[in-house]
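# The following comprises the amino acid sequence and a computationally predicted model.
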Amino acid sequence: MGNYRITITLIDGQGHSDSMELETGEYVIGRGEDCQICVSENFRSVSRHHACLHVSPEEVLIQDLDSRSGLTVNGEIVRQQVLEDGDLVRLGGELGIRVQLPKGTQESEAPRMVFDGAKASVQDISAALGDIAQASQALFTEVHRRIVGQDEIIACVWAALLGRGHCLLVGVPGLAKTLLVSTLSEVLQLRFSRIQFTPDLMPSDIIGSQILKRDGDGDPTLRFEPGPIFAQLLLADEINRTPPKTQAALLQAMQERQVTVSRNDYNLGPPFCVIATQNPIEQEGTYPLPEAQQDRFMFSLRLDYPTRTEEVEVLTRLAEGARTELKTVLRAEDILRFQAAVDQIAIPEDLIAAIADAVRSTRPDDPTAPDLVREVVDWGAGPRAGQALLTGAKALAAMAGRPAAGWADVRRIIKPVLRHRIGLNYRARGRGVTADDVIEAAVARFDT
């Protein structure tokens, strides 16, 4: 062993971390008991012998040991990579390693590290809630330097990200849907990809595909070339302009946070959030999203025209001609820590019961459904709607720095959660009844 030292910080999927110093040598990382850096069986996407970290004064190199779920450095899939200070290595979808070079020159016995991850303590949660509230205000302030208005839309997108959900943005052209998503990625320092959906877009254009390359010896070999879905914040622009076959390519990614190509699984994020947009005024050449895919979105958010004051502000900023430079408010590791804190937000039993009853009230065959629901609804919201309401209420409480959620949090997001999960019949269309009207009727008794 030499005097050269580096520091690595292991980060689990909830943002909990542990650090140690490594000297010159080779360190196998995996779930195997003979690994120098051994992680617990909880990290299922990490192979027994996943990767090898080579540490020397000349270079620090990470090498994939033919693992099942692959290896990424700063979001790029690699077989091996020379690391630089601050690089983030991910093994599967659950384990991250932050590298710091160099660190110290003391000599000691070769270390062996065991990492189990951790559950957040009460102190961690309390501190995180204060951080979430402060970061949320900083986030809104920074985003509004570029985006005028849309306060509730920004808050719901941030809540979806904290709740590990996805958003569907519905609005006419020109309401800054794309600019909002790109601005969030910049402020949160997340890897951002945009996919413009078109009728000829194929699943491989989204996920990636196997391509033939030559290895170091000149022999041909198949290598996976990742597509734009390998991001942390993905904008699916005009998702209803592509056929269902391509739309379905997002299903596994949105639910499982991974994609499968040639029987190999490749993990996404964390964090990983899909924000899709739709234009509601054009029907020709579009493919309505299937109900199964709409249900994958935590929120369906409808963007309206700006007020006169907001529109004047938009034009004033354009006339001044200055492009606003934004500063970073958070990093991916902070968001993971916040997501873990949101999981610990308390939900009273009576609120859980109210959420379940509210969702059931949208089903026409339920005894508690009001007359309007029985008349104009073909099918109501499923159990995933209740899960989205519960998670969204937790996120809103955390954004306000509160350790418990209440009915006001649920009421704030009940329309974005339910409106795309309710199927209306011809009577509703004939009478001009919308999904939002049905939701108001279904939950009116809970407001008293």
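Sure, I can see it. Residues are numbered from 1 along each chain as shown.

# mind listing the helices for the stretch 1-150 of the chain?
Using DSSP state H, counting those that start in this stretch, the helices of the stretch 1-150 of the chain run over 122-143.

# show me where pLDDT drops low in it?
Counting by pLDDT under 70, the low-confidence segments of the stretch 1-150 of the chain come to 1-3, 13-15, 75, 93, 103-125.

# can you give me the strands in it?
Ranges of strands in the stretch 1-150 of the chain, per DSSP state E, counting those that start in this stretch, are 5-11, 17-23, 25-30, 37-39, 51-55, 60-64, 71-73, 76-77, 80-82, 88-91, 95-100, 113-115.

# Make TSV out of these and add mean neighbour count and distance to residue 173.
Every C-beta, even on glycine, is put in place using the N, C-alpha and C of the backbone. Listed next are the strands of the stretch 1-150 of the chain as TSV, based on neighbours: other Cβ atoms under 10 Å; distance: least, Cβ to Cβ, whole Å:
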stretch	mean neighbour count	distance to residue 173
strand 5-11	20	40
strand 17-23	17	43
strand 25-30	20	48
strand 37-39	22	47
strand 51-55	21	45
strand 60-64	19	43
strand 71-73	22	35
strand 76-77	14	33
strand 80-82	15	41
strand 88-91	22	36
strand 95-100	21	38
strand 113-115	17	48
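
# So which of the ones you listed is nearest residue 219?
Of all the strands of the stretch 1-150 of the chain, it is strand 80-82 that lies closest to residue 219, at 16.8 Å by Cβ to Cβ.

# ok but residue 266 is inside a helix, no?
No - checked against DSSP: H, G, I helix; E, B strand; the rest coil, residue 266 lies outside a helix; its state is strand.

# do you know how far it is from residue 77?
From residue 266 across to residue 77, the span is 7 Å (Cβ to Cβ, to the nearest Å).

# Pull up the overlap in contacts between these two.
Listed as contacting both residue 266 and residue 77 by Cβ atoms under 8 Å, 6 or more residues apart in numbering are 70, 224, 226, 230.

# For the helix or strand harbouring the second one, which outside residues touch it?
Using DSSP states H and E, the secondary-structure element containing residue 224 is strand 220-226. Residues external to strand 220-226 that are found in contact with it (Cβ under 8 Å, 6+ apart): 70, 76-77, 207-215, 261-262, 264, 266.

# Quick one, which of those are buried?
With neighbours counted by 16 or more other Cβ atoms under 10 Å, those contain buried members at 70, 77, 207-208, 261, 266.

# Tell me the one of those nearest residue 326?
residue 77 (28.4 Å).

# Any idea how many residues pack against the closest residue to that closest one other than its chain neighbours?
Distances taken as Cβ to Cβ, 6 or more residues apart in numbering put residue 226 closest to residue 77, at 5.1 Å, once the chain neighbours are dropped. By other Cβ atoms under 10 Å, the residues close to residue 226 number 19.

# ok, what's across the strand from residue 226?
Following DSSP bridges, residue 226 is listed with bridge partners residue 208.

# do you know how far it is from residue 202?
Separation of residue 226 from residue 202 (Cβ to Cβ): 15 Å.

# Between all of the buried ones among the contacts of strand 220-226, which two are separated the most?
The most widely separated members of those, counting by Cβ to Cβ, are 70 and 207 (13.5 Å).

# shaky segments in the stretch 151-300 of the chain?
Residue ranges of the stretch 151-300 of the chain with pLDDT under 70: 214-218, 269, 285.

# how about the strands in it?
167-170, 192-196, 208-214, 220-226, 233-237, 258-261, 264-267, 273-278, 299-302.

# check contacts around the spatially closest residue to residue 202 that is not a sequence neighbour.
Of all residues not flanking residue 202 in the chain, residue 246 sits nearest, at 6.3 Å (Cβ to Cβ, 6+ apart). Taking Cβ under 8 Å, 6+ apart as the criterion, residue 246 is in contact with 197, 201-203, 205-206.

# how far away is residue 246 from residue 205?
8 Å.

# Residues in contact with both of the two, list them for me.
With Cβ under 8 Å, 6+ apart, residue 246 and residue 205 have no common neighbours.

# Mind putting the buried ones among the contacts of strand 220-226 into a markdown table with distance to residue 426?
A markdown table is the format used below for the buried ones among the contacts of strand 220-226 (distance: Cβ to Cβ, whole Å):
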| residue | distance to residue 426 |
| --- | --- |
| 70 | 49 |
| 77 | 49 |
| 207 | 38 |
| 208 | 43 |
| 261 | 42 |
| 266 | 44 |
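
# Tell me the one of the residues you listed nearest residue 276?
For the buried ones among the contacts of strand 220-226, the nearest to residue 276 is residue 207 (15.9 Å; Cβ to Cβ).

# Test my guess that residue 447 contacts residue 410.
No - the criterion here is Cβ atoms under 8 Å, and residue 447 misses it with residue 410 at 10.7 Å.

# between the two, which one's more packed in?
residue 410 (23 against 8).

# Look up how far residue 59 lies from the more buried one.
Residue 410 is 53 Å from residue 59, by Cβ to Cβ.

# do the same with residue 315
Going from residue 315 to residue 59 by Cβ to Cβ gives 53 Å.

# for residue 232, same thing?
For residue 232 relative to residue 59 (Cβ to Cβ), the value is 27 Å.

# Mind checking which of those two has more residues around it?
Using other Cβ under 10 Å as the criterion, residue 232 and residue 59 rank with residue 232 on top: 21 against 11.

# show me the contacts for that one.
Neighbouring residues of residue 232 by Cβ under 8 Å, 6+ apart: 75, 185, 190-192, 269-273, 332.

# okay if I get those as CSV plus distance to residue 12 and neighbour count?
Below are these laid out as CSV (distance: Cβ to Cβ, whole Å; neighbours: other Cβ atoms under 10 Å):
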residue, distance to residue 12, neighbour count
75, 18, 17
185, 23, 21
190, 19, 23
191, 19, 16
192, 24, 18
269, 13, 24
270, 10, 23
271, 13, 21
272, 15, 23
273, 19, 29
332, 13, 21
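
# For those, give me CSV that also has distance to residue 24.
Formatted as CSV, the contacts of residue 232 follow (distance: Cβ to Cβ, whole Å):
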residue, distance to residue 24
75, 28
185, 38
190, 34
191, 32
192, 37
269, 32
270, 32
271, 34
272, 36
273, 40
332, 30
